[in-house]
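J.: Requesting a structural model of the entry that follows:
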Amino acid sequence: MSLFKSLFKYVRFFGVFALLLAMSSWRASAQEDREIKHVFVIAMENHNWTQPTTVPGGIQQIFQNPNAPFINSLVNGTALAFIDGQVENISKHVSYATAYHNVLATPSGANPHIHPSEPNYLWAEAGTNFGVLNDNDPFVVPGGTNQNTDQHLTGLLEEAGKTWKSYQEDIDLMKNASAQLIDVPLPWQLRTSPISSFSGIFAPGYLNEYNDSDQFNYAVKHNPQAFFSDTNGGDNATPANPLARNYAPLQQLAFDLAEGHWADYNWITPDQYNDMHSGLTGGFAGLTGDAGNIRQGDNFLSRIVPVIMSSEAYKDGGVIILWWDESENDGATSDNGDDFNHTIGEIIISNLAHSNENGLPYASQIDYTHSSDLRTMQEIFHVKATSGPSPFLGDAANATDLSDLFEPGVIPTRP
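T.: Predicted coordinates for the structure are as follows:
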C-alpha cells in the first residue's frame, strides 16, 4: 500500500472519529443546557392565591390583587425588571400553578388539617410533619420539635455531596457598642446555627434594605433545615457548630451571588414582615392590615427576584420558586381554607420554565402540593431516600412532580 493511501485511510478514520466525538460533545452540551443546576426557593406566608370570597378586614387573595402588582405582573405577562442594568420583560421566564393546594387538602375539605406554619415547612423538607402541629422552636423546653432523622431533603443532599444553604433574614448580624443589631452581616467565622427566634428594633440609623423600616423579626418556624439534627448541628447556637456554615443572613445573598458562593439548593426566608406574615408597626406604603402585609411581601419580591436573575447562578441552569406555606380561611361563614376552592401560589421563574403560550406565562392546572416540590427536588438533584419503601421521601412518593411547569425533558423522571 502506498504511503498516500495509508495517509488517506488514517485521515478518513480519524476524521470520522473526530466527528463522532464532536457530535457526542454537542449532545452532552445540549443536555447540560437543559439541566437545572441551582434552585432558589423563596418562602412566603399565609395567603391564598385564589379563594371564594374576601370579607372586609379579612385575608385577601394574591391573584389579581392591586396590592401585589409585581407578583401579578409576573403571571399576566407585563413584569419589567432591571437585569444587568437593562429593563427586561421577565414574564417570558415564568410559569405558574393554578391548582396548588394545602397539604392533605381535598375537594370537600373533609380531611386532616396541617397547620400552622411549621408543619408545612417540615413537610416541604421531608414529606411529613412528623406529627407536629405547632410553631415551637426546635430545642425549646418544653415542647421542642427537633427531628433526629437524616431522611429529609437537605440531609440527603448533604450525604450526596450536594451543597445547600439557608438564607434567613435578620440572623447573624453585627451589633453596635450598645449590643443593638445593625443591618450588616457578621463575618462567616462568627455565624451560628439559627435555632432560636427573635425580634426587635435595629440600632438608630439602620434600616431594613427591603422595607426601609427599623424592625426585624426572625422565626425559626419558617426555616425548615433548622429542625433536623444533621443539618442544624444540634442544640449549639455558637460559631463552633459545624453546620453554621450552611446558614447566612439574607443580607449576605447579594454578596454571595456576586462572588460565586451560591449553593446547589438555596432556601430563602424573608423575615416575618417581608414574607406577608405580619404587619410593620405603622403599616407599609400607607397601607395597614392585610393590604399592607401583601404589599410588603410584593415589594420584597420585586427587589430580590431581579438580583437573583442577574446572577450567573440563575443564567447557568437556575430556577427561582416563589412558594407559599399554607392556605387560609378567608373569613366567610363556614369557610374551610383546606378545600380545593382555596389555592396557594407557586410561581416558577427560569430560562427552563414552560414557554409562554399566546404571549402569556403558562398556567398549569395540575393538582400540586408541597410533596410535588419535594419530589421534584429529589429528581433534580438525584437523591434517594435510604430507608422506607420508596426512593421518595414521605408523601413525595404519592405526588405529581412539577415537570409540567418546565420545558419537556428538563425534570428527570427519577431521583
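J.: helix/strand/coil for A385?
T.: coil (DSSP: H, G, I helix; E, B strand; the rest coil).
J.: Hmm, Q378 is touching L153, no?
T.: Yes. Shown here, Q378 and L153 form a contact pair, counting by CB atoms under 8 Å, at 7.1 Å. Where C-beta positions appear, they are placed from N, C-alpha and C, glycine not excepted.
J.: of the two, who's got more company?
T.: L153 (28 against 24; other CB atoms under 10 Å).
J.: Specify the local secondary structure of the closest residue to the more buried one other than its chain neighbours.
T.: Closest residue to L153 in three dimensions, ignoring its sequence neighbours and counting by CB to CB, 6 or more residues apart in numbering: E125, at 5.2 Å. Secondary structure of E125, reduced to three states by three-state DSSP: helix.
J.: Give me the neighbour count for E125.
T.: 25.
J.: for it, what are its contacts?
T.: Taking CB atoms under 8 Å, 6 or more residues apart in numbering as the contact definition, E125 lies against 152-154, 224-225, 227-228, 374.
J.: And these, which two are furthest apart?
T.: When those are compared pair by pair using CB to CB, the two farthest from each other are F227 and L374, 14.8 Å apart.
J.: circling back: pLDDT value on the residue nearest to L153, please?
T.: The score at E125 is 98. That number is its pLDDT.
J.: returning to what we had before: find the residues that touch each one of Q378 and L153.
T.: By the contact definition CB under 8 Å, 6+ apart, Q378 and L153 are jointly contacted by L393.
J.: ok, back up a step: how about a markdown table for the contacts of E125, with pLDDT and secondary structure added?
T.: Formatted as a markdown table, the entries for the contacts of E125 read as follows, by pLDDT from 0 to 100; DSSP: H, G, I helix; E, B strand; the rest coil:
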| residue | pLDDT | secondary structure |
| --- | --- | --- |
| H152 | 98 | coil |
| L153 | 98 | helix |
| T154 | 98 | helix |
| P224 | 98 | helix |
| Q225 | 98 | helix |
| F227 | 98 | helix |
| F228 | 98 | strand |
| L374 | 98 | helix |
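J.: Include distance to G286 when you put the residues you listed into CSV, please.
T.: CSV is the format used below for the contacts of E125 (distance: CB to CB, whole Å):
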residue, distance to G286
H152, 42
L153, 40
T154, 40
P224, 34
Q225, 36
F227, 37
F228, 41
L374, 39
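J.: what's the closest of those to G260?
T.: When those are compared for distance to G260 (CB to CB), T154 wins out at 20.9 Å.
J.: List the contacts of that closest one.
T.: T154 sits next to 125, 164, 166, 224-225, 228, 231, 246, 265, 267 when contact means CB under 8 Å, 6+ apart.
J.: try N67
T.: Contact analysis of N67 by CB under 8 Å, 6+ apart lists 60, 287, 291-292, 294-295, 298.
J.: a helix runs through V87, doesn't it?
T.: No. Counting by three-state DSSP, V87 is not part of a helix but strand.
J.: and it, how far is that from N274?
T.: V87 sits 24 Å away from N274, going by CB to CB, to the nearest Å.
J.: out of these two, which sits in the busier spot?
T.: Neighbours per residue (other CB under 10 Å) separate V87 from N274, with N274 holding more: 31 against 9.
J.: and stretch 44-58, how far apart are its ends?
T.: One end of stretch 44-58 sits 18 Å from the other (CA to CA, to the nearest Å).
J.: Distance from the chain centre to it, please.
T.: 21 Å (CA atoms, centre = their mean, to the nearest Å).
J.: E326 contacts P116, doesn't it?
T.: Yes. With contact defined as CB under 8 Å, E326 reaches P116; the gap is 7.4 Å.
J.: When these two are compared, which one has more neighbours?
T.: Between E326 and P116, counted using other CB under 10 Å, the more crowded position is E326 (25 against 15).
J.: what about I320, which helix or strand?
T.: strand 318-324 (DSSP states H and E).
J.: Pairing partners for that strand, with directions?
T.: The strands that strand 318-324 pairs with in its sheet are strand 38-44 (parallel), strand 346-350 (antiparallel) (by DSSP bridges).
J.: can you dump the C-alpha coordinates of it into PDB?
T.: Output in PDB follows, covering the C-alpha atoms of strand 318-324 (Å, rounded to 0.1, in the frame of the first residue of the first chain):
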ATOM      1  CA  GLY A 318     -31.000  28.400  37.700                       C
ATOM      2  CA  VAL A 319     -34.600  28.300  38.800                       C
ATOM      3  CA  ILE A 320     -36.500  30.600  41.300                       C
ATOM      4  CA  ILE A 321     -39.500  29.100  43.000                       C
ATOM      5  CA  LEU A 322     -41.900  31.500  44.700                       C
ATOM      6  CA  TRP A 323     -43.600  29.300  47.300                       C
ATOM      7  CA  TRP A 324     -46.300  30.000  49.900                       C
END
